[in-house]
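Participant: Sequence plus predicted model, see below.
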Amino acid sequence: MTSAAPPFAFLPGAPGSPVILHVPHSAREIPADVRAGIVLDDGALERELDHITDAHTAQIAAEAAKRSAVAPWRFVNGLSRLVVDPERFPDEREEMRAVGMGAVYTRTTHREELRRADADPEPLVERYFRPYARAMTDAVTERLAAVGRAVIIDVHSYPTERLPYELHGEGPRPPVCLGTDSFHTPPELLAAARKAFAEVGETGLDSPFAGTYVPLEYHEADPRVSALMVEIRRDTYMTEPGGPAGAGLDRLASALATLVDAVSG
């Protein structure tokens, strides 16, 4: 008897590439037993998925990988972030707990009930969050062993208009927001991103979303791991809130490929 395949995929790139395109929020799938713990009816859940899902970001990453001279590796989540959000801190360090959006969400983007507030998050954390975190840690460890460094590029999107759950949504909402970390985002990585995405439009810094993802084992501990979050405003490539992609997707994939190549050498 074989175990079930994990709900995420680490997709190979070039052996010498340090780049991992991390796509944590692109999927809408929710297992039936997890769906049973969500209080929204089916229509409301579909609307919430429209708002919360970083639609088409897996496709942007896949197209960028095809266009890169040195193919990056890709770590792609196959489940909705309404199952667990793998980028949250799993404890009191997570500021989004204030709006019911820690590792396991209890509130929606509009601050309505998603799960009962007294629901125990631990079973979902144990089943989904920790295996994801271990696998992402292993992916970074593998790249460090192979090429001596790892560059995590977090691929996200965000809505044109601020949603009620956003804690810091009062600032600028540029076509591309670059999220940084004071330890893991070196100036040359940020400069390469600004240059690569210039053709898309203005790039902003840490507004409306800040920070970037680094596995906790390496967080603020290993400078060989660099990281940058790329937050793409959704009106640049798709119909909001959850509609199809448009022509802008190709331009964004090309820009992301340019960034990948700039930091691969």
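Facilitator: That came through, no problem. Numbering: from 1, shown residues only.
Participant: what's near enough to touch residue 11?
Facilitator: 65, 73, 74, 75, 76 (CB atoms under 8 Å, 6 or more residues apart in numbering). Every residue, glycine included, has its C-beta placed from N, CA and C.
Participant: and the gap between the second one and residue 19?
Facilitator: Read it as residue 73. 7 Å (CB to CB, to the nearest Å).
Participant: which neighbours do the two share?
Facilitator: What both residue 73 and residue 19 touch, as defined by CB under 8 Å, 6+ apart, is the set residue 13.
Participant: Looking at those two now, which is surrounded by more residues?
Facilitator: Neighbours around residue 73 and residue 19, counted as other CB atoms under 10 Å, are more numerous at residue 19. The numbers are 29 against 24.
Participant: Looks like the more buried one contacts residue 149 (just checking).
Facilitator: No: with contact defined as CB atoms under 8 Å, residue 19 and residue 149 do not form a contacting pair (9.7 Å).
Participant: Taking the contacts of residue 11 together, which two end up most distant?
Facilitator: Greatest spacing in the contacts of residue 11, by CB to CB: 65 and 75 (11.8 Å).
Participant: Find the residues that touch each one of those two.
Facilitator: Contacts common to residue 65 and residue 75, judged by CB under 8 Å, 6+ apart, are 11, 21.
Participant: All the strands of this structure, residue numbers only.
Facilitator: Counting by DSSP state E, one finds strands in the chain at the ranges 8-11, 19-23, 73-77, 150-158, 176-179, 203-205, 225-233.
Participant: among those strands, which is nearest residue 164?
Facilitator: strand 150-158 (13.8 Å).
Participant: And the contacts of stretch 177-190?
Facilitator: By CB under 8 Å, 6+ apart, stretch 177-190 touches 151, 154, 158, 193-194, 197, 203-212, 214, 219-220, 223, 225-231, 233, 263.
Participant: For that stretch, buried residues please.
Facilitator: For stretch 177-190, the neighbour count (16 or more other CB atoms under 10 Å) marks 177, 178, 179, 180, 181, 183, 184, 185, 186, 189, 190 as buried.
Participant: Who is the second one paired with across the strands?
Facilitator: Under DSSP bridges, the beta-bridge partners of residue 178 are residue 205, residue 230.
Participant: Can you give me the distance of it to residue 132?
Facilitator: From residue 178 to residue 132 the distance is 24 Å (CB to CB).
Participant: The last one too?
Facilitator: Computed with CB to CB, the distance linking residue 190 and residue 132 is 27 Å.
Participant: again with the fourth one
Facilitator: Counting by CB to CB, the gap from residue 180 to residue 132 is 23 Å.
Participant: residue contacts, residue 38?
Facilitator: Counting by CB under 8 Å, 6+ apart, residue 38 touches 30, 45, 82, 114, 115.
Participant: Filter the residues you listed down to just the ones in helices.
Facilitator: Under the assignment DSSP state H, the contacts of residue 38 contribute residue 45 to helices.
Participant: which one of the contacts of residue 38 is nearest residue 258?
Facilitator: For the contacts of residue 38, the nearest to residue 258 is residue 82 (32.5 Å; CB to CB).
Participant: I'd say that closest one and residue 49 touch.
Facilitator: Yes: using CB under 8 Å, residue 82 is in contact with residue 49, at 7.1 Å.
Participant: picking up where we left off before, may I see the strands of the chain organised as JSON lines, with distance to residue 40 and mean pLDDT added?
Facilitator: Shown next, in JSON lines, are the strands of the chain (distance: least, CB to CB, whole Å; pLDDT from 0 to 100):
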{"stretch": "strand 8-11", "distance to residue 40": "24", "mean pLDDT": "98"}
{"stretch": "strand 19-23", "distance to residue 40": "25", "mean pLDDT": "98"}
{"stretch": "strand 73-77", "distance to residue 40": "21", "mean pLDDT": "98"}
{"stretch": "strand 150-158", "distance to residue 40": "22", "mean pLDDT": "98"}
{"stretch": "strand 176-179", "distance to residue 40": "28", "mean pLDDT": "98"}
{"stretch": "strand 203-205", "distance to residue 40": "32", "mean pLDDT": "97"}
{"stretch": "strand 225-233", "distance to residue 40": "26", "mean pLDDT": "98"}
